[in-house]
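K.L.:
take a look and give me a structure for this.
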Amino acid sequence: MKTLLIVDDEKATRDGLRMALEESFDCYVAADLKQAKQVLNSEDVDLLLTDLRLGADSGMEVLDAALALAHPPVTLMMTAYGSVDTAVEAMRRGAWHFVTKPLNLDEVDLLLKRAVRNRTLEKENVKLVAENETLKESKAAASHGLDRLIGRSTLMAKVAAKIEQIAPTRATVLIEGESGTGKEVVAHALHDLSGRPGEKFVGVNCAALSSQLLESELFGHEKGAFTGASQRRVGRFEQAHGGTLFLDEIGEIDAQTQVKLLRALSERTIERVGSNASIQVDVRIIAATNRSLAKMVEEGIFREDLYFRLNVLGVIMPPLRERREDIVLLANSFLSEFARENGRPEKPLTEAAMSSLLSYSWPGNVRELRTAIEHAVVMSNQSELDIQHLPDFVSGLGHHFESSSVKNTLAPEEEFNLHALEQRAVQGALRVTDGNRTKAAELLGISRRTLQRKLRDVSLIDPHSS
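P.N.:
So this is what the prediction gives:
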């Protein structure tokens with residue numbers, strides 16, 4: 001059983017957390033920095049859950065003491081004073097996650113178990129690095145399975161848990177989510193953790209091909225089946241035999257292809273275009289869509305029987321705006337990747353740049369964040385990546401509401417002022433949605449009425465209003 005140290009100056013909180021978590025962890029408690037250091041120095045602590053404010057002491061000091069150990073525990077910070085600056089500072093200094101009071105005990109338990117799994121993976125990765133002859137080989141070995149999923153949020157923990165549960169099965173999986181959320185990453189993780197990871201992973205973007213080309217691409221064709229078919233072609237189903245076939249943008253296939261796909265799923269057989277011969281195929285089907293197939297069924301443009309065949313097991317990828325606590329981790333991962341790809345030194349993000357990333361609405365999700373970080377890596381000629389190195393649509397530099405009384409950019413003293421950050425987030429949402437208050441409220445995760453109140457509170461003038 002993993003050991004957990006709980007540090008909080010309130011006895012009721014300490015005891016409550018210990019009682020709630022002691023079935024899953026071997027729990028120690030401490031009321032202040034001194035007691036925490038005693039436990040850290042005398043016991044092999046795997047996990048640390050510490051309050052940020054500990055009377056005269058600070059949770060940051062506990063974090064520093066933990067990180068100074070030869071084998072530091074995974075640390076979760078908790079506070080009733082959650083704000084962007086404390087979250088960024090804690091994670092910059094080495095905290096694994098940040099939660100706010102009042103605590104959701106189920107969420108805390110889930111996060112701690114997720115932390116244990118990540119620590120196990122980290123140790124395995126260290127072993128892989130030592131065993132592999134080159135850094136390239138070690139990174140390739142670490143890129144499989146759930147290591148592909150970057151995120152510590154509760155939402156991503158649930159996605160990871162579901163992937164672990166359904167990956168070993170043969171059942172068809174439907175991955176739903178907005179564009180750029182990482183549906184293909186989930187598909188690869190499902191394949192890596194399946195019973196056929198050594199077999200082929202074959203993908204096809206259904207939206208990129210015409211109906212005739214898509215049918216040929218999926219099922220293959222015989223020589224002379226249509227104009228230009230000069231020789232027999234093996235389709236993606238046959239190519240993926242024994243492995244996984246990933247059908248991206250499945251909502252874009254036409255009615256005729258839907259019929260043939262339904263048969264392939266039902267009977268595990270296909271027919272090449274221009275042939276009546278049935279071919280047995282053994283493939284695991286994973287489909288993805290950024291559209292609501294259920295709604296398309298209601299509208300009569302997607303077959304209900306095919307929808308049920310595809311949606312045997314479902315995974316929903318959350319948009320980035322709903323898991324903002326993952327932005328720091330994602331950004332740092334992309335920084336390392338693009339610095340390496342472009343032959344640049346790896347540079348840290350300034351607090352101003354990080355604040356800008358955290359306050360932006362990210363309508364393009366993880367894909368948009370990835371693009372923004374690549375832009376910053378290429379554009380920076382300084383020792384750090386600052387706000388001016390980010391694209392204008394993120395930084396706000398160069399984009400202003402003509403009649404706004406609040407600037408889109410922040411002065412240094414405002415970079416971690418929550419009121420100023422809120423002003424900027426509201427402005428950014430209105431800019432992205434061209435002044436549509438309903439859509440802006442959705443991006444911000446608030447009601448339209450709340451948005452109207454915030455517009456009044458921060459004295460923002462919406463240039464699109466009459």
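
K.L.:
where does pLDDT dip in the stretch 1-150 of the chain?
P.N.:
81-85, 87, 121-145 (pLDDT under 70).

K.L.:
which residues of it fall in helices?
P.N.:
11-21, 33-42, 59-67, 84-92, 105-131, 135-141 (DSSP state H, counting those that start in this stretch).

K.L.:
and these: which comes nearest Asn332?
P.N.:
Closest approach to Asn332 among the helices of the stretch 1-150 of the chain (Cβ to Cβ): helix 84-92, 9.2 Å. (Each C-beta comes from the backbone N, C-alpha and C, glycine too.)

K.L.:
and for stretch 298-307, what's in contact with it?
P.N.:
Gly251, Ala255, Gln258, Val259, Leu261, Leu262, Leu265, Leu293, Ala294, Met296, Val297 (Cβ atoms under 8 Å, 6 or more residues apart in numbering).

K.L.:
kindly apply the preceding question to stretch 342-360 instead.
P.N.:
Taking Cβ under 8 Å, 6+ apart as the rule, stretch 342-360 contacts 84-85, 88, 324, 327-328, 331-332, 335-336, 338-340, 369, 372, 376-378, 380, 382-387, 389-390, 394-396, 410, 412, 415-416, 421, 424-425, 428.

K.L.:
what residues sit buried inside it?
P.N.:
347, 349-360 (16 or more other Cβ atoms under 10 Å).

K.L.:
which ones among those map onto strands?
P.N.:
Per DSSP state E, strands hold no members of the buried residues of stretch 342-360.

K.L.:
could you dump those into TSV and include pLDDT and distance to Asp9?
P.N.:
Converted to TSV, these look like this (pLDDT from 0 to 100; distance: Cβ to Cβ, whole Å):
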residue	pLDDT	distance to Asp9
Lys347	88	38
Leu349	88	32
Thr350	86	33
Glu351	80	28
Ala352	82	33
Ala353	85	34
Met354	85	29
Ser355	81	29
Ser356	85	34
Leu357	89	33
Leu358	85	28
Ser359	83	31
Tyr360	88	36
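
K.L.:
re earlier: most neighbours of all the contacts of stretch 298-307, which one?
P.N.:
Leu261 (26 neighbours; other Cβ atoms under 10 Å).

K.L.:
what residue of this structure is the furthest out?
P.N.:
Distance to the chain centre peaks in the chain at Gly224, reaching 45.7 Å (criterion: Cα atoms, centre = their mean).

K.L.:
that residue: what's it in contact with?
P.N.:
Per Cβ under 8 Å, 6+ apart, neighbours of Gly224: Gly274.

K.L.:
what does Trp362 give?
P.N.:
Pro319, Leu320, Arg321, Ile327, Glu368, Leu369.

K.L.:
of those, closest to Met60?
P.N.:
Nearest to Met60 out of the contacts of Trp362 is Ile327 (Cβ to Cβ; 21.0 Å).

K.L.:
report all helices and strands that the helix or strand that closest one falls within contacts.
P.N.:
Counting by DSSP states H and E, the element that carries Ile327 is helix 327-341. Here helix 327-341 touches helix 84-92, helix 351-359, helix 365-379, going by 3 or more Cβ pairs under 8 Å, 6 or more residues apart in numbering; DSSP states H and E.

K.L.:
kindly recompute the last result at 7 Å.
P.N.:
If contacts are counted by 3 or more Cβ pairs under 7 Å, 6 or more residues apart in numbering; DSSP states H and E, helix 327-341 sits against helix 351-359, helix 365-379.

K.L.:
just put those in TSV and tack on distance to Lys454.
P.N.:
Formatted as TSV, those follow (distance: least, Cβ to Cβ, whole Å):
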stretch	distance to Lys454
helix 351-359	14
helix 365-379	23
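
K.L.:
quick one: Val394 and Asn365, what's the gap?
P.N.:
Going from Val394 to Asn365 by Cβ to Cβ, to the nearest Å gives 13 Å.

K.L.:
likewise Ala339?
P.N.:
22 Å.

K.L.:
looking at these two, which is more packed in?
P.N.:
Taking other Cβ under 10 Å, Ala339 and Asn365 do not tie; Asn365 has more neighbours (21 against 18).

K.L.:
so who does the residue nearest to that one when sequence neighbours are not counted touch?
P.N.:
Of all residues beyond its chain neighbours, the one nearest Asn365 is Gly180 (3.6 Å), with distances taken as Cβ to Cβ, 6 or more residues apart in numbering. Residues near Gly180 by Cβ atoms under 7 Å, 6 or more residues apart in numbering: Gly364, Asn365, Val366, Arg367, Glu368.

K.L.:
by neighbour count, which of these wins?
P.N.:
When neighbours are taken as other Cβ under 10 Å, the top entry among the contacts of Gly180 is Val366 (23 neighbours).

K.L.:
thinking that residue is in contact with Lys183, fair?
P.N.:
No: using Cβ atoms under 7 Å, Val366 is not in contact with Lys183, being 10.2 Å away.

K.L.:
residues shared between the contacts of those two?
P.N.:
Joint contacts of Val366 and Lys183 (Cβ under 7 Å, 6+ apart) do not exist.

K.L.:
for Val45, what are its contacts?
P.N.:
Val45 sits next to Thr3, Leu5, Val39, Pro73 when contact means Cβ under 7 Å, 6+ apart.
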